[in-house]
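In: Sharing a model prediction with you, sequence too.
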Amino acid sequence: LFPYTTLFRSPPCRGFTPQLAEWYKKHAESKNFEIVFVSSDRDEPAFNEYYAEMPWLAMPFSDRAGKAALSKRLGVSGIPILVILDENFKVVNDNARGAVGADPEGEKFPWIPPALANLADSPDGLNEESCLIALLEGCDDDEQQAAIAVLTPIAEAAKANGEGTLFLYTTGGDQLSPQIRKLCSMKPASGPQMILLDIPDDGGYHVADVSGGVTAETVGTFLQNFKDK
């Protein structure tokens, strides 16, 4: 296997496959990776028909036990999903589907997720994890950078400890923050805002009191209150 191995399960809707195939043909040789298709098709004829459209490798359809074990190992709960593994089969990115469209030139491949991600770059995970999101559109540049500087070490520590919460921010101009504001009934404000979006919990969300600014104390208290329910 090449240094970066990608595992891809077939989607109910095939819209992603042509996009991924185009990306693969453009970058597989220069980026030195391979893709392995792991099928969720109903039967082998359907698998054969679908796989005929693909330019990469595939796990044999007959190995249903291997497919089930792999899905369990990678925590697959829905399809399509694109998982990036390194040369030691360590997961680098467990949900890289959005990166294919967001990074057509592969400049950030293998898409190692930052501890604190810009909502404009990394929408993956919003539907599966609890997400702390700093809405910084109402801040000036200095306030935005100060908030990011506070959030970065907190996010890095949470990632190092294996905590499930994702940390994101937006400075505006992305497509998702207006939808998030609508979901949470939040209007833009002059100054920072911060929410904890927990879609797996029936679309739950929690709004932080950051009237005094985004500080290590306000973020820490907000996270602890969430953990303590």
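Out: Okay, I see it.
In: Show the residue spans covered by the strands in this structure.
Out: Here the chain has its strands, by DSSP state E, at 4-9, 33-38, 57-58, 81-85, 91-93, 116-118, 131-135, 166-170, 193-198, 204-207.
In: Quick one: closest of those to residue 64.
Out: Across these, residue 64 has its closest neighbour in strand 33-38 (10.7 Å, Cβ to Cβ). Where you see a C-beta, it was placed from the backbone N, CA and C, and this is true even at glycine.
In: could I get that closest one in CSV with only the CA atoms?
Out: The C-alpha coordinates for strand 33-38 follow below in CSV (Å, rounded to 0.1, in the frame of the first residue of the first chain):
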residue,chain,number,x,y,z
PHE,A,33,-1.8,7.4,-2.1
GLU,A,34,-4.3,4.7,-3.0
ILE,A,35,-8.0,4.3,-2.4
VAL,A,36,-9.8,1.1,-1.3
PHE,A,37,-13.5,0.9,-1.9
VAL,A,38,-15.4,-0.9,0.8
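In: Name the residues of that strand that are buried.
Out: By neighbour count, with 16 or more other Cβ atoms under 10 Å as the criterion, the buried positions of strand 33-38 are 33, 35-38.
In: go on, stretch 81-91?
Out: Those would be 81-85, for stretch 81-91 by 16+ other Cβ under 10 Å.
In: for stretch 116-126, same thing?
Out: Buried-residue list, stretch 116-126, by 16+ other Cβ under 10 Å: 116-117, 119-126.
In: Of the strands of the chain, which is nearest residue 47?
Out: That would be strand 57-58 among the strands of the chain, by Cβ to Cβ, at 8.0 Å.
In: what residues are up against residue 130?
Out: 164-166, 196-198, 200-201, 226 (Cβ atoms under 8 Å, 6 or more residues apart in numbering).
In: For it, give me the pLDDT.
Out: On pLDDT, residue 130 comes in at 91.
In: With residue 159 as the reference, measure out to it.
Out: 14 Å (Cβ to Cβ, to the nearest Å).
In: and the strands of the chain as CSV, adding distance to residue 18?
Out: Listed next are the strands of the chain as CSV, based on distance: least, Cβ to Cβ, whole Å:
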stretch, distance to residue 18
strand 4-9, 13
strand 33-38, 14
strand 57-58, 17
strand 81-85, 14
strand 91-93, 21
strand 116-118, 27
strand 131-135, 30
strand 166-170, 29
strand 193-198, 31
strand 204-207, 35
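In: Which of the ones you listed has the lowest mean pLDDT?
Out: strand 4-9 (a mean of 56).
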